[in-house]
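> Let me see the structure of the following:
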Amino acid sequence: MLIKTFGSAVQGVNAYTITVEVSVTAGTKYYLVGLPDNAVKEGEQRIEAALKHYHYKMPRQKVVVNMAPADIRKEGSAYDLTIATGVLAASGQIASDKISQYMIMGELSLDGTLRPIKGVLPIAIQARKEGFKGFILPAQNANEAAIVNNLDVIGVNNIKEAIDFLDGRLHIDPVTSDTRELFQNQADQYAADFADVQGQENIKRALEIAAAGGHNLIMIGPPGAGKTMLAKRLPSILPPLSMHEALETTKIHSVAGKLGEASSLLTTRPYRAPHHTISDVALVGGGGVPQPGEISLSHNGVLFLDELPEFKRTVLEVMRQPLEERRVTISRAKTTIDFPANFMLVASMNPCPCGYYNHPEKDCVCGPGVVQRYLNKVSGPLLDRIDLHVEVTPVTFDEMTATRKSEDSTIVRERVVKARAVQQERFKDFPQIHSNAMMPSQMVKDICQINDAGRTLLKTAMERLGLSARAYDRILKVSRTIADLADSPNIKIEHLAEAIQYRSLDREGWAA
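Below is the predicted model of the structure:
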């Protein structure tokens, strides 16, 4: 008897339906074909033990399992339940009339219980797209799949529940989720707030500009000045996620297996802060089975690199192309996979190895040339992609003990959202551009026009401060964002002057 069941393979952030054909005929042996990996092949032992636990049996006949299309490699243990139900239906142990109406996925334990799987959200989206009635999967993943409407999500705890449901002996109510309500109730619930930060008003202003224009930012300052504390609060002033952005971000975390059992939809912007010992593959993605890296997990959010010069040079250099293209392309012999990577890069670093160069109170103990060598660990091409360079000074005792309440994130976010609305209108004819930071050079000349006084100021600044040529476009983009925050249609001289001060590392002799 021939039976078809359906599973799914995830490549990148998209899913592809896999048809599992099971034939039970006269003969002996179990054959699994269709380019399965070892984890899929080992499923035979898990399936047999799970069926025996519930008094079902593997047929002592010739069982051929074909996983089509055969040119796509099938990886992982999530096909256990797909194959097991197909074998039972093909051998006549359960009814087969409902089996083709459902996408069926799940990893089996030896006692028949189901373990959670990765990539549930893209699989559910594809199941609905292809017209399946429902999706049978482990109960731990049911809330995640329930985000997709018009699809019966059947969460089961073990293979017996799946069998009884398909046989009609057990009724299981589909898991439902009001995605809109969930999104509205949990949106913008950040644990950290700008109100927690005493002092550092100039750094808060720089972070507000970065958030308003989507600009990358680096903070340079001594240990304990508050660089990490400020970076953690940046997501709280970014515009709220749209529903489309939330689903897109959730898909990436689902594929990577980073969603907890309790969470189904990411409603806040991600914040990722990898350790400086991270490898280049872990940062940008890849591996034998290509998985999203940290820059994709921070898609639509913030990637914070603390102690930037301590990262390996190769790790930092592989970020250059994703920073420009807003995506990562991983190429293999048979396939090419794209992961989205539209993130804000926020970095921090000490000004020197000891950390006290330019400190107002403590002396730097680094030898001649050491400071420059330390700064040179971060390449010019990478700094070229960072719009704002901010010097962070330690908070004074008076600022720390002040009773005046700082501005909270909600107030700052309102200004940021207003500035982003101006940019949305400006770039309405350019769907790939969402913020000032994404403007190409030719667009900068048209949109960031300055008057004669502004040109004179910019020329003087570049000559006297020794600013490099690469700083020119960055200054204009940042000044355009500052003008948007001020609700000004034109870039004024004060906007330009403020933008110029955010190019610390471009100054000649900064670390001399």
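
> Sketch out the low-pLDDT regions of the protein for me.
In the predicted model, the chain carries pLDDT under 70 at residues 186-188, 260-263, 400, 403, 468-470, 506-512.

> and the longest strand for it?
In the chain, assigned by DSSP state E, the strand with the most residues is strand 14-25.

> Quick one: list the elements packing against the helix or strand that that one is followed by.
Later in the chain than strand 14-25, the nearest helix or strand by DSSP states H and E is strand 30-33. Judged by 3 or more Cβ pairs under 8 Å, 6 or more residues apart in numbering; DSSP states H and E, strand 30-33 is in contact with strand 62-68. Quick note: C-beta positions are derived from backbone N, CA and C, even for glycine.

> What is the distance between the strand it packs on and the centre of its chain?
Taking the mean of its C-alpha atoms, strand 62-68 sits 37 Å from the chain's own mean (Cα atoms, centre = their mean, to the nearest Å).

> Tell me the helix or strand right after whichever strand or helix holds Thr456.
Assigned by DSSP H and E, Thr456 falls within helix 452-464. Where DSSP H and E defines the elements, the next helix or strand beyond helix 452-464 is helix 471-485.

> re the thing from before, and the longest strand of the chain with strand 62-68, angle?
Taking axes from the mean of the first three to the mean of the last three Cα atoms, to 10 degrees, one finds strand 14-25 and strand 62-68 inclined to each other by 160 degrees.

> in stretch 303-321, what counts as buried?
303-306, 308-309, 311, 315-316, 318-319 (16 or more other Cβ atoms under 10 Å).

> residue boundaries of the helices in the stretch 201-350 of the chain?
Under the criterion DSSP state H, counting those that start in this stretch, the stretch 201-350 of the chain contains helices at 201-213, 227-232, 243-255, 280-284, 294-297, 313-317, 320-325.

> So which of these is nearest Gln449?
Nearest to Gln449, of all those, is helix 201-213, at 16.8 Å by Cβ to Cβ.

> wait, what's in contact with Pro69?
Contact analysis of Pro69 by Cβ atoms under 8 Å, 6 or more residues apart in numbering lists 18-19, 34.

> follow-up on the earlier one: which of the helices of the stretch 201-350 of the chain sits most buried?
Among these, helix 294-297 has the highest mean neighbour count (mean count of other Cβ atoms under 10 Å), at a mean of 26.

> Quick check: which of the helices of the stretch 201-350 of the chain is nearest to Asp80?
Comparing the helices of the stretch 201-350 of the chain against Asp80 with Cβ to Cβ, the closest turns out to be helix 243-255 (19.2 Å).

> Show me what that closest one is packed up against.
So helix 243-255, by 3+ Cβ pairs under 8 Å, 6+ apart, packs with helix 120-129, helix 179-186, strand 291-292, helix 294-297, strand 336-340.

> deepest of those, which one?
Mean neighbour count (mean count of other Cβ under 10 Å) peaks for helix 294-297 among the helices and strands packed on helix 243-255, with a mean of 26.

> for the closest residue to His215 other than its chain neighbours, phi and psi?
Nearest residue to His215, sequence neighbours excluded (Cβ to Cβ, 6 or more residues apart in numbering): Asp387, at 3.9 Å. Main-chain torsions, Asp387, degrees, to the nearest 10: phi -80, psi -40.

> do the one 3 residues further on as well
Dihedral angles phi and psi of Val390 (degrees, to the nearest 10) take the values phi -120, psi 130.

> My guess is it contacts Ser504. True?
Yes - judged on Cβ atoms under 8 Å, Val390 makes contact with Ser504 at a distance of 7.0 Å.

> any shared contact partners between these two?
When contacts are counted by Cβ under 8 Å, 6+ apart, Val390 and Ser504 are jointly contacted by Ile220.

> which of those two has more neighbours?
When Val390 and Ser504 are compared for neighbours, Val390 comes out ahead with 25 against 16, by other Cβ atoms under 10 Å.

> Name the nearest residue to the more buried one, sequence neighbours excluded.
Closest residue in space to Val390, ignoring its immediate chain neighbours: Ala206 at 4.5 Å, by Cβ to Cβ, 6+ apart.

> measure the one you found to Gly301 for me?
Computed as Cβ to Cβ, to the nearest Å, the Ala206 to Gly301 distance reads 18 Å.

> what sits against the residue nearest the centre of the chain?
For the chain, Leu297 is the residue whose C-alpha lies nearest the centre (Cα atoms, centre = their mean; 2.3 Å). If a contact means Cβ under 8 Å, 6+ apart, then Leu297 has 252-253, 256, 258, 270, 272 as its contacts.

> change it to 6 Å
Arg272 (Cβ atoms under 6 Å, 6 or more residues apart in numbering).

> any idea how far it is from Lys129?
Separation of Leu297 from Lys129 (Cβ to Cβ): 25 Å.

> again with Ala211
Applying Cβ to Cβ, the value for Ala211 to Lys129 is 35 Å.

> just checking, what packs against the longest helix that the chain contains?
Ranked by residue count, the top helix of the chain under DSSP state H comes out as helix 409-426. Applying 3 or more Cβ pairs under 6 Å, 6 or more residues apart in numbering; DSSP states H and E, one finds that helix 409-426 contacts helix 201-213, helix 471-485.

> Pull out the buried positions in it.
409, 412-413, 415-416, 419-420, 422-423, 426.

> now stretch 1-10
Buried residues in stretch 1-10, defined by neighbour count with 16+ other Cβ under 10 Å: 3-10.

> coming back round to it: of the helices and strands packed on helix 243-255, give the one that comes closest to Ile482.
Nearest to Ile482 among the helices and strands packed on helix 243-255 is helix 294-297 (27.1 Å), distances taken as Cβ to Cβ.

> CA atoms only for the closest one, dumped as CSV, please.
Output of helix 294-297 as CSV, limited to C-alpha atoms (Å, rounded to 0.1, in the frame of the first residue of the first chain):
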residue,chain,number,x,y,z
GLU,A,294,24.2,37.2,15.1
ILE,A,295,23.8,39.9,12.5
SER,A,296,20.7,38.2,11.2
LEU,A,297,19.4,37.6,14.7
